[in-house]
Each structure stands twice: as structure tokens, then as C-alpha cells.
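Trainee: The following comprises the amino acid sequence and a computationally predicted model.
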Amino acid sequence: MKKVAVYPGSFDPITYGHLDIIKRGLTIFDEIIVAVARNSQKNALFSTEERVDLILEVMKGEERVTVDTFSGLLIDYVASRRAHVIIRGLRAISDFEYEFQIAQMNSTIGREIETLFMMTSLQYGYLSSSIVKEVCSLNGDIDRFVPPEVKLALKRKYGLT
């Protein structure tokens, strides 16, 4: 049986921290579905379609990664994709507290889906999409945080090209 995991998030935009989790996840799973959340309550810089396109561009050539979108309950989406594991990246204890509550809620719903917490690599422990957007909006150097395709898209969004 193929081992499939779902890595959900807003990915607004995808960063090297996200890519690190995907790369390391591929050492455990046969396939990872990067699931971009359609969340109308979040004020995203990039549209859902733009986020999907950026991830596809950055992951070009990696056949074991699929990019999709979802709305509604994550646990329902994961079951619909016949996956059995949700991957969540953790940067700090504060991330764990929130993610632990969500994992417990998902477990309580009763589906046979596990949550796998992966600690970010040390070099990305501080990195978040929000910080990248802020640094870029102030015309700061973001080369160490995002791939070139994402940097270009961010610069365009902020009118810095």
C-alpha cells in the first residue's frame, strides 16, 4: 500500500521552511499532497490559485508531490484523498500547543488519521510566511527565505520590480 500524507497550510507564500518539511517528509512517505487551504477568514497576499501555481513551479520535477486545494474540515479532505497521515511542521512550543489541540480534535472525530509533527530544521526555526512578507514589503533581502520564483512573485506584489 502506498504511504500518502497530506501537508496542509496556507503557504502564503511557500518558504524554504515549508520545502524542508516536504523534502524530509518524502523520506518517510511515497507521496505528499500539499493542500492549500481556501480560508476566506485569512487576508492572503496571494490568491489560492497563485499559491498553487507557485508551489507547482517550485516543486517542478518532483513527481511524488501533488498540489491541491481544500476548504472545510481538513480531516474530511484527508479521508477523501485516502491518505492516513497529516504532516504538521513545528517551529516552537507555541506551535505545538495549538497543533496538539487540532490533532486531538481530529482524533476525536473518529477517523483513522494520524498527525505527524515534524520539527523544522534549526536553520528555519524562526521562519514564517508573515515575516517573509514583512521583510519583502520593506525591500529587505529574502534570498535565504524563499526560492527565486517566490521572491520574484513577492517583489511584483509589492511593486518592487
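Mentor: Yep, that arrived. Numbering: from 1, shown residues only.

Trainee: Pull out the buried residues from the least confident helix or strand in the chain by mean pLDDT.
Mentor: Least confident helix or strand, the chain: helix 93-109 with a mean of 86, by mean pLDDT, DSSP states H and E. Buried residues in helix 93-109, defined by neighbour count with 16 or more other Cβ atoms under 10 Å: 95, 99, 103, 106. No exception for glycine: its C-beta is placed from N, CA and C like everyone else's.

Trainee: The very next helix or strand once past that helix packs against which elements?
Mentor: Sequence order places strand 114-119 as the next helix or strand after helix 93-109, per DSSP states H and E. Judged by 3 or more Cβ pairs under 8 Å, 6 or more residues apart in numbering; DSSP states H and E, the packing partners of strand 114-119 are helix 16-25, strand 85-90, helix 93-109.

Trainee: Contacts for the longest one, please.
Mentor: Right, the one you point to is helix 93-109. 73-75, 86, 88-90, 113, 115, 117 (Cβ atoms under 8 Å, 6 or more residues apart in numbering).

Trainee: List the contacts of L19.
Mentor: Here L19 is in contact with 58, 147 (Cβ under 8 Å, 6+ apart).

Trainee: For N139, see how far away it is.
Mentor: Per Cβ to Cβ, to the nearest Å, L19 is found 24 Å from N139.

Trainee: Out of all residues in this structure, which is the farthest from the middle?
Mentor: Of all residues in the chain, T161 has its C-alpha farthest from the mean position, at 26.0 Å, by Cα atoms, centre = their mean.

Trainee: Three-state assignment for the residue lying closest to that residue once chain neighbours are set aside, please.
Mentor: Spatial nearest neighbour of T161, excluding adjacent residues (Cβ to Cβ, 6 or more residues apart in numbering): K155 at 4.6 Å. Here K155 is helix, with the state taken from DSSP: H, G, I helix; E, B strand; the rest coil.

Trainee: I am finished for the moment; much appreciated.
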